[in-house]
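1. Give me a model of this one.
(one chain, ligands or ions: 2)
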Amino acid sequence: MTTISIAVQKSGRLSEKSLDLIRSCGIDFNADSRVLKAVATGFPLEFLFVRDDDIPQYVADGVADIGIVGRNEYDETGLELEVVRDLKFASCRLSIAVPHGFDYKGLESLEGKRIATSYPRILSRILKENGVNAEPVVVSGSVEITVEVGIAEAIADLVSTGTTLKMNGLEEAECIYRSSAIMIARPDMQEEKKVLLNRLLERIDAVMLARHQKYILFNLPEEKLDQAAAVIGGMKSPTVTPLMDKGWVSVQSAVDEGRFWAVFEELRRLGAEGILVMNIEKMTE
Ligand code: PRT
Ligand code: ZN
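-> Ligands and ions are numbered 1, 2, ... in the order given. As a prediction, the model looks like this:
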């Protein structure tokens, strides 16, 4: 039987969320065997637990068919694989940070300066696109101390909350690149494996779509139905059921999470009662 293999980070910022996503697709594995390899239950999939830096190369070499990795790690390798999904977790930005007192006015302020980074390929590309000549100083960790110790005048490092920069006396000057976890795949996968990948992607899409929606159920005076439907908007028309109470209906619909509170308040204003809100586990368009 054909199986596909997926490389995921063994331990780090991507691990839990990668595995949660796969578990939400009805695929699990025996946690005890999480050494290097594990065989999934519920889907013909094999896991490979490795360091994130190695994932793009493993996929390129065919050691794994697909992988979950930060876009930053993938872009930094310069490999050309297929990016099949943006999974939208582990979001971060690559930012230029400078010490207090550095008069930063844009990338041109970096002309002739040394910039410490773990992402020299991405940084060089952006500097080049902006016509700035600066010298990337490659360090593999603790980028934020390089200014203090005098090996660089500025840094380009990943930021999520900004706390690390502040703690090291640096100011975030400009975001130059955005990243989140992506799923990469070998471009030359066999047909049978492509079929499996598409089945997996269909499940991932259903989970990801559901994560951004809430299911809402409420009672409403029937005469307000058209207005309520306009407020909800959404993918399809809401389900409406008559109630025993004459002139009242029960309405159900999915609502975009980002608009949820605005919709909620507007429905209250229209006279909605007994509003029930539920998380959606899986969903298709
Ligand atoms: O051991 P292995 O090599 O597998 O893991 P790793 O240590 O290389 O990677 P890991 O687990 O730290 O990060 C994996 C991926 O998570 C990265 O490649 C990014 O795509 C993503 N990610 C998201 C981050 C961050 N947020 C992040 N904040 N990666 C690193 N950081 C670091 C950053 O380098 C800085 O040191 O966190 C610090 C800044 O955080 P804030 O919150 O203080 O701004
Ligand atoms: Zn790493």
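
2. Around ligand 1, which positions in the stretch 101-250 of the chain sit nearby?
-> The stretch 101-250 of the chain comes close to ligand 1 at residues 157, 158, 159, 160, 161, 162, 163, 164, 179, as judged by C-beta under 6 Å from any ligand atom. Any C-beta I mention is one placed from the backbone N, CA and C, and that applies to glycine too.

3. Show the contacting residues for the third one.
-> Same thing as residue 159. 92, 93, 94, 95, 97, 165, 172, 175 (C-beta atoms under 8 Å, 6 or more residues apart in numbering).

4. at 10 Å instead, please
-> Taking C-beta atoms under 10 Å, 6 or more residues apart in numbering, we find residue 159 in contact with 92, 93, 94, 95, 97, 144, 165, 170, 172, 175.

5. Also the fourth one?
-> Contact partners of residue 160, counting by C-beta under 10 Å, 6+ apart, are 13, 90, 91, 92, 93.

6. ok, 7 Å please
-> residue 92 (C-beta atoms under 7 Å, 6 or more residues apart in numbering).

7. go on, the second one?
-> Applying C-beta under 7 Å, 6+ apart, we find residue 158 in contact with 72, 92, 94.

8. Go ahead and confirm residue 168 touches residue 144.
-> Yes. Using C-beta atoms under 7 Å, residue 168 is in contact with residue 144, at 4.1 Å.

9. where along the stretch 101-250 of the chain do the strands fall?
-> Along the stretch 101-250 of the chain, counting by DSSP state E, counting those that start in this stretch, strands occupy 114-117, 135-138, 154-159, 170-179, 181-185, 213-221, 239-242, 248-256.

10. May I see the ChimeraX selection of the buried members of the contacts of residue 159?
-> Here is the ChimeraX selection string for the buried members of the contacts of residue 159, based on 16 or more other C-beta atoms under 10 Å:
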select :92,93,94,95,97,144,165,170,172
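
11. ok, of the contacts of residue 159, which one's closest to ligand 2?
-> The closest of the contacts of residue 159 to ligand 2 turns out to be residue 92 (C-beta to the ion; 13.2 Å).

12. Residues in a beta bridge with that closest one, which ones?
-> Beta-bridge partners for residue 92, by DSSP bridges, are residue 179.

13. Return the distance of it relative to residue 210.
-> Distance, residue 92 to residue 210, using C-beta to C-beta, to the nearest Å: 24 Å.

14. go on, residue 85?
-> Distance from residue 85 to residue 210, by C-beta to C-beta: 15 Å.

15. My guess is residue 256 contacts residue 213. True?
-> Yes. Residue 256 sits in contact with residue 213 when judged by C-beta under 7 Å, with a separation of 6.2 Å.

16. Of these two, which one has the most company?
-> residue 213 (19 against 15; other C-beta atoms under 10 Å).

17. OK, contacts around that one?
-> Contacts of residue 213 (C-beta under 7 Å, 6+ apart): 254, 255, 256, 257, 280, 283.

18. Could you export these as CSV, including pLDDT?
-> Below are the contacts of residue 213 laid out as CSV (pLDDT from 0 to 100):
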residue, pLDDT
254, 92
255, 92
256, 88
257, 87
280, 93
283, 88
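
19. Can you say which of those are buried?
-> The buried subset of those (16+ other C-beta under 10 Å) comprises 254, 255, 280, 283.
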